[in-house]
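Enquirer: for reference, the sequence and a predicted model appear below.
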Amino acid sequence: APRASSTVAVQATNDDATASKLSCVTKGYIHDDFVHMFVRRSIKRAPLINRGYYARWATMRMLLKQFLDSGIPNGSGLPQKKQILSLGAGFDTTFFQLVVEEQSVHKFVEVDFAEVTKKKTMLIATKEVLVSKLGPTKPEIDPGKGEIVSEHYSLLPCDLRDLKTLDDAFTKAQLDAKLPTLILAECVLIYLEPTVSRQVVKWCAEKFETAAFVTYEQIHPDDAFGQQMLRNLESRGCPLLGLHDTPTLESKERRFTDLGWQRALAMDMDAIYHQQLDPIDRGRIERLEIFDEFEEWNIMQAHYCVAYGVKDDTGVFENFGFS
Ligand code: SAM
């Protein structure tokens with residue numbers, strides 16, 4: 001079997017994620033004002049997939065809100081400046097949604113392969129409603145390079161396999177190593193060779209003084225469902241190169257604590273769904289579609305997890321994470 005993922009195939013996983021998100025928006029699982037601007041056509045997904053994507057979205061959003069709400073008084077009466085760095089951001093719309101919700105951060109930086117950032121730059125540049133969200137000062141938009149640099153938002157090309165390009169993005173976006181930073185890697189590290197994802201995790205720990213790094217990815221490659229999951233992605237040209245290196249919750253935690261993070265926690269999506277997500281909203285979405293795939297649902301959710309590492313000597317992240 002081929003062991004190198006094709007970059008084109010890995011990039012295509014982003015189209016999949018975007019289409020799934022739109023399906024969830026259309027069905028009323030999640031609210032997002034912008035995702036339809038990033039997908040050509042709407043695809044109907046099975047209730048199982050919608051529910052899974054809802055759980056993924058709700059978990060990431062919950063951690064994001066915790067980060068936004070967290071903070072220590074800085075004496076100035078002004079809100080603390082915070083940063084978000086999204087690795088392999090794809091067509092994620094969170095930045096725009098936060099502007100609408102008046103929850104913007106000081107810097108929101110997205111990186112992905114140039115092929116992806118070029119497409120995203122074009123999609124943003126051609127929509128006034130999106131450009132207008134980039135802030136009062138005129139943004140620098142370069143569709144040829146796939147770059148947007150504005151006061152609060154940057155979109156930059158980067159290949160995570162080459163840390164020099166990540167360093168360049170850090171500099172260009174004017175990220176500040178001292179500000180509290182939330183790093184997101186949603187379905188990204190799992191496509192990288194373990195040596196590469198470890199370098200990325202380590203780079204982030206060394207770069208930022210106060211940060212949390214959140215990943216969403218697969219676990220348990222060895223049972224029947226795990227084998228199926230591996231084969232599916234492998235047949236699409238993007239094997240889950242990282243899955244044998246971090247096949248369990250413990251190994252996802254250790255990847256952080258081994259590489260410069262002070263504490264780490266990983267939880268599978270089955271547990272997160274039942275123990276961490278808002279039960280009222282869960283009740284709401286469970287009534288949206290007829291659902292009878294309960295066995296498959298539990299098995300599927302047990303094969304995905306959210307893991308995070310925290311490094312913090314200031315207390316900003318004291319209450320960050322699962323309860
Ligand atoms: N994080 C987004 C989300 O959850 O909607 C997109 C997820 S998509 C499954 C994976 C993304 O990771 C793709 O956009 C892909 O291009 C990006 N990616 C994979 N390997 C990468 C690399 N070596 N450098 C930069 N981006 C990468």
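Expert: Here it is on my side, so go on.
Enquirer: please count neighbours and contacts with C-alpha atoms only from this point.
Expert: Will do.
Enquirer: is it correct that residue 238 is in contact with residue 9?
Expert: Yes: counting by CA atoms under 8 Å, residue 238 does reach residue 9; the two are 5.8 Å apart.
Enquirer: and these two? Which one has more around it.
Expert: Neighbours were counted for residue 238 and for residue 9 using other CA atoms under 10 Å; residue 238 has more, 26 against 15.
Enquirer: pLDDT value on the spatially closest residue to that one that is not a sequence neighbour, please?
Expert: Spatially, and ignoring its direct neighbours in sequence, residue 238 is nearest to residue 5 (4.5 Å; CA to CA, 6 or more residues apart in numbering). Residue 5 is assigned a predicted lDDT (pLDDT) of 70.
Enquirer: counting neighbours, what do you get for residue 5?
Expert: A count of nearby residues for residue 5, using other CA under 10 Å, gives 19.
Enquirer: surely it and residue 235 touch.
Expert: No: using CA under 8 Å, residue 5 is not in contact with residue 235; the gap is 10.4 Å.
Enquirer: quick check: buried residues in stretch 70-86?
Expert: Going by neighbour count (16 or more other CA atoms under 10 Å), the buried part of stretch 70-86 is 70, 71, 80, 81, 82, 83, 84, 85, 86.
Enquirer: tell me which parts of the stretch 201-323 of the chain are close to the ligand?
Expert: Neighbours of the ligand within the stretch 201-323 of the chain, by CA under 6 Å from any ligand atom: none found.
Enquirer: which residue ranges of the stretch 201-323 of the chain form helices?
Expert: 224-235, 249-257, 269-275, 279-286, 294-301 (DSSP state H, counting those that start in this stretch).
Enquirer: relative to residue 191, how far out is the residue nearest to residue 238?
Expert: 7 Å (CA to CA, to the nearest Å).
Enquirer: what residues does the stretch 51-200 of the chain put near the ligand?
Expert: For the stretch 51-200 of the chain, the contact set with the ligand under CA under 6 Å from any ligand atom comprises 88-90, 92, 112-113, 158-161, 185-188, 191.
Enquirer: got any ranges where the protein has weak pLDDT?
Expert: Along the chain, the model assigns pLDDT under 70 to residues 1-4.
Enquirer: can you pull out the strands in it?
Expert: 83-87, 107-112, 140-142, 147-149, 153-157, 181-186, 211-218, 263-268, 304-311 (DSSP state E).
Enquirer: partners of the fifth one, with directions?
Expert: So the one you mean is strand 153-157. Here strand 153-157 is paired, per DSSP bridges, with strand 107-112 (parallel), strand 147-149 (antiparallel).
Enquirer: ok, residues contacting the first one?
Expert: Looking back up the chat, that one is strand 107-112. 82-90, 95, 117, 151-160, 169, 173, 175 (CA atoms under 8 Å, 6 or more residues apart in numbering).
Enquirer: hmm, try it at 6 Å
Expert: 83-89, 152-158 (CA atoms under 6 Å, 6 or more residues apart in numbering).
Enquirer: any chance of those in a markdown table, with distance to residue 215 too?
Expert: Conversion of the contacts of strand 107-112 to a markdown table gives the following (distance: CA to CA, whole Å):
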| residue | distance to residue 215 |
| --- | --- |
| 83 | 17 |
| 84 | 13 |
| 85 | 12 |
| 86 | 10 |
| 87 | 10 |
| 88 | 11 |
| 89 | 12 |
| 152 | 23 |
| 153 | 21 |
| 154 | 21 |
| 155 | 20 |
| 156 | 20 |
| 157 | 20 |
| 158 | 18 |
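Enquirer: got the contact list for the residue nearest to residue 238?
Expert: By CA under 6 Å, 6+ apart, the neighbours of residue 5 are 237, 238, 239.
Enquirer: need phi/psi at the first one.
Expert: Summarising the backbone geometry of residue 237 under the convention degrees, to the nearest 10, its torsions are phi 90, psi 10.
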